[in-house]
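**Q** My questions concern the predicted model and sequence given below.
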Amino acid sequence: QVQLVESGGGLVQAGGSLRLSCAASGRTFSSYNMGWFRQAPGKEREFVAAITWRAERIYYADSVKSRFTISRDNAKNTVYLQMNSLKPEDTAVYYCAATTNSDPTLYYGVDYWGKGTQVTVSS
């Protein structure tokens with residue numbers, strides 16, 4: 001079992017920044033590919049960013065490329081999502097995900113989910 005706890009969400013004005021953190025406990029964090037997904041009201045959960053267990057590959061959704069940065073610190077069992085130039089359309093609940101799937105962008109391949117953290121961007 002892997003437990004994931006997100007933090008760092010909040011209310012920010014358009015153009016602002018937030019840094020999300022996801023602390024993992026349980027089985028070996030460093031063996032999992034990690035990702036962030038988000039879900040806005042009335043919409044399906046969508047992929048945002050992912051990083052492989054050794055950080056040799058990083059993936060971004062087109063909608064966040066060049067604005068968001070994912071990173072991980074295996075010594076601290078933590079994955080981060082730095083979000084810059086935020087837009088109102090980034091408003092959603094952001095979920096941390098852990099997966100052993102070779103493609104960490106796939107929603108159905110996720111092994112463990114966090115409970116989510118709310119990000120609200122005002123215009």
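**A** Sure, I can see it. Numbering: from 1, shown residues only.

**Q** Which residues does the residue nearest in space to the middle of the chain form beta bridges with?
**A** The residue lying closest to the centre of the chain (Cα atoms, centre = their mean) is Trp36, at 2.2 Å. In this structure, Trp36 bridges to Ala49, Cys96 when assessed by DSSP bridges.

**Q** Touching, Gly35 and Tyr107? I think so.
**A** No: the criterion here is Cβ atoms under 8 Å, and Gly35 misses it with Tyr107 at 9.4 Å. Using the backbone N, CA and C atoms, a C-beta is placed for each residue, glycine as well.

**Q** Mind listing the shared neighbours of those two?
**A** Taking Cβ atoms under 8 Å, 6 or more residues apart in numbering as the criterion, Gly35 and Tyr107 both touch Phe47.

**Q** and those two? which has more neighbours close in?
**A** More crowded of Gly35 and Tyr107, by other Cβ atoms under 10 Å: Gly35, with 28 against 15.

**Q** Let me see the contact set for the more buried one.
**A** Counted by Cβ under 8 Å, 6+ apart, Gly35 has contacts 47-51, 59, 70, 96-99, 104-105, 110.

**Q** Surely the residue nearest to the centre of the chain and Ala50 touch.
**A** Yes: in this structure, Trp36 is within contact of Ala50 by Cβ under 8 Å, at 7.4 Å.

**Q** overlap in contacts of these two?
**A** 70, 97.

**Q** returning to what we had before: how much space between the residue nearest to the centre of the chain and Ser123?
**A** 23 Å (Cβ to Cβ, to the nearest Å).
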